[in-house]
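> Can you look at this prediction? I've put the sequence above it.
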Amino acid sequence: PGLHVLNADAVSVITHFVRPATLERVFLLYPNPYPKARQANQRWYNSPFLNELRRKMRPGARLQLATNLEWYAREAEHALVAEWGFELTQTRELGTADRPRTHFEKKYLARGERCFDLLFTLPVT
């Protein structure tokens with residue numbers, strides 16, 4: 001048990017090296033939003049990989065998603081709850097008092113942009 005830090009392609013690592021029902025916490029901080037309509041299938045919450053990620057998460061595990069785009073936050077919330085069966089546990093807007101977790105977050109907050117932080121839980125069945 002513990003924290004393991006890797007600098008690798010998450011899709012490959014999770015698919016090939018993570019056992020089912022073992023992940024307790026997943027962070028998707030400022031993923032590429034693929035903003036064009038024709039790119040919608042490439043968004044994390046529309047990706048077939050999310051089924052694999054969900055399978056690798058243990059019941060009660062948490063998934064944290066951050067974005068500076070309100071439309072992305074709302075779409076993700078809908079998809080993760082309605083299509084993937086997650087429960088929305090918390091949603092909040094970050095402010096200048098929050099310590100940035102990524103260089104993207106630091107840049108967005110410094111510009112006065114809104115940053116959205118959503119926390120989802122995989123239900124215990």
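Noted; the coordinates are in hand.
> Give me the residue ranges of this structure where confidence is low.
1 (pLDDT under 70).
> hey, where'd the strands end up in this protein?
23-29, 57-67, 87-94, 115-121 (DSSP state E).
> Of those strands, which is nearest Phe49?
Checking these against Phe49 by C-beta to C-beta gives strand 23-29 as the closest, at 11.3 Å. Heads up, the C-betas are built off the backbone N, CA and C, glycines and all.
> I'd like to know which of the strands of the chain is closest to Ala37.
Using C-beta to C-beta as the measure, strand 57-67 is the one of the strands of the chain that comes nearest Ala37, at 17.5 Å.
> Buried residues in the closest one, which are they?
Met57, Ala61, Arg62, Leu63, Gln64, Leu65, Ala66, Thr67 (16 or more other C-beta atoms under 10 Å).
> Which parts of this structure are helices?
10-17, 49-56, 70-78, 103-110 (DSSP state H).
> what angle do the last one and strand 23-29 make?
It stands for helix 103-110. 50 degrees (axes from the mean of the first three to the mean of the last three C-alpha atoms, to 10 degrees).
> got a list of contacts for helix 103-110?
Identification of contacts with helix 103-110 by C-beta atoms under 8 Å, 6 or more residues apart in numbering yields Leu29, Tyr30, Ala66, Asn68, Leu94, Gly95, Thr96, Asp98, Pro100, Arg114, Cys115.
> Contact partners for the third one?
This points to Ala66. Phe27, Leu28, Leu29, Tyr30, Leu94, Arg101, Thr102, Glu105, Cys115, Phe116, Asp117, Leu118.
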